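Novice: What would the 3D arrangement of this be:
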Amino acid sequence: MLLASSCEPECEDTRINLLKIQFYKSSTLLRDTLAFAQITGIDNPLTVSDSILYTQQDVLSIFTLPISPTEEQVRFRFEKLESNGSTSIKNITFAYRLKWQVIKPNCGLNALITNLRVLESDFDSTSVIQNELTNNPDEINVQIFN
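Specialist: Presented below is the predicted three-dimensional model:
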C-alpha cells in the first residue's frame, strides 16, 4: 500500500514592493553614480516616519526604494552634498494602483503595484519605463536625469 502525504507548500510572500530608480547625467545621458547625503521615505508606512533609506556611504547608480502595498502614493526626499559644501534637496512623489489577487485560497490576498507614475518631481527629468513592479532584479522602473 502506497501512502502519499499532501505536501502543500506553505504560503510564500510574493509581494513585490520595491521600486528601482536609475540615475543618468542630463548632459551626457550616461548612467550616473551618485552618493546622496541621505534618501528618506516621507510619510511612508513601510518605514518609520522620515526613515533614512540610504546615506552618502551608498555610492550607486540604481537605488531600490520600498513602496507601500497599503497606500497608492509615496514620496521620497533626496539630499545631496554639493561640491561647495551646500546641500540640495530634491523630492519625488509617485502614485500607483493596487491590484489585488489571490495566489492560493488559504494564503490571502496579494497586492500587485501597477500604473506607476510620477506625480511631482524636483529633478531635471524623469521617465517611468516600467510602470508595474516585478521581481525581475534587472528591471528598472524609473529613470531620473539629474
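Novice: okay, CA-based contacts and neighbour counts for the rest of this
Specialist: Fine.
Novice: Mind checking which residue lies nearest the centre of the chain?
Specialist: Centroid-nearest residue in the chain: Leu19, 2.1 Å away (criterion: C-alpha atoms, centre = their mean).
Novice: doesn't Asp138 make contact with that one?
Specialist: No - at 11.8 Å, Leu19 does not count as touching Asp138 under the criterion of C-alpha atoms under 8 Å.
Novice: where do the helices sit along the chain?
Specialist: Under the criterion DSSP state H, the chain contains no helices.
Novice: Tell me the strands beside the lowest-mean-pLDDT helix or strand in it, with direction?
Specialist: Within the chain, no helix or strand scores below strand 51-55, which has a mean of 80 by mean pLDDT, DSSP states H and E. Using DSSP bridges, the strands paired with strand 51-55 are strand 38-42 (antiparallel).
Novice: The partner strand: how far from the chain's middle?
Specialist: 12 Å (C-alpha atoms, centre = their mean, to the nearest Å).
Novice: Touching that strand from outside, list them.
Specialist: Applying C-alpha atoms under 8 Å, 6 or more residues apart in numbering, the contact partners of strand 38-42 are 47, 49-56, 74-80.
Novice: Can you give the distance of the least confident helix or strand of the chain from its chain's centre?
Specialist: Distance, centroid of strand 51-55 to centroid of chain: 13 Å (C-alpha atoms, centre = their mean).
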